[in-house]
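**Q** Based on what follows, work out the 3D shape:
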Amino acid sequence: MTETEKQVVKYDLTEAKISEMRGLYLDLVVDGIDDEIGFKHVETARKVVKGKRIAVEKQRKVFKYDALEYGRMVDSKAKETFSLLEPIENHASEISTTIAKHRPFAVYLCHKCLAAGSFGRHR
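**A** Modelled structure (predicted):
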């Protein structure tokens, strides 16, 4: 891992800022349907917090972009490799299945020939 890769993810919004918003906004109340000032304060708080959340989400996408691209590249190469291996595996599997399917009959014939004393003799 390079130094850049080892960097800790840091968002622009710090825990101190979140704590400050918590102190400012969690105690807000609206005293009834006619409390326009209280409602405006709550609505402003909601918009500020939502804006911060959206900013963090945008930043998260930027941080993850390279990792996602790398993951896509890894998956693509694996898929390509699997497609090269698949015909070989299928061929071996077909032979294995055929032998496994016919082996009991071949064993039966061998035992029958041995019992008859004709196994390995040429005519």
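
**Q** Could you report the neighbour count for Y11?
**A** When counting by other Cβ atoms under 10 Å, one arrives at 14 neighbours for Y11. In this view, the C-beta of every residue, glycine as well, is placed from N, C-alpha and C.

**Q** State whether it and Q59 are indeed in contact, as I suppose.
**A** Yes: shown here, Y11 and Q59 form a contact pair, counting by Cβ atoms under 8 Å, at 5.5 Å.

**Q** the strands in this protein, which residues?
**A** Under the criterion DSSP state E, the chain contains no strands.

**Q** Can you tell me the centre-most residue of the chain?
**A** By Cα atoms, centre = their mean, the chain has its centre lying nearest to G71, at 9.2 Å.

**Q** Skipping its backbone neighbours, what lies nearest V49 in space?
**A** M21 (6.3 Å; Cβ to Cβ, 6 or more residues apart in numbering).

**Q** How about the contacts made by that neighbour?
**A** Residues in contact with M21 (Cβ atoms under 8 Å, 6 or more residues apart in numbering) are A45, V48, V49, K52.

**Q** Quick check: the gap between C110 and R103.
**A** Distance of C110 to R103, computed by Cβ to Cβ, to the nearest Å: 10 Å.

**Q** make that I54, sorry
**A** I54 sits 65 Å away from R103, going by Cβ to Cβ.

**Q** now swap in G51 and tell me
**A** When distance is defined by Cβ to Cβ, G51 is 71 Å away from R103.

**Q** Check A116 too.
**A** 20 Å.

**Q** try I95
**A** According to Cβ to Cβ, I95 and R103 sit 12 Å apart.
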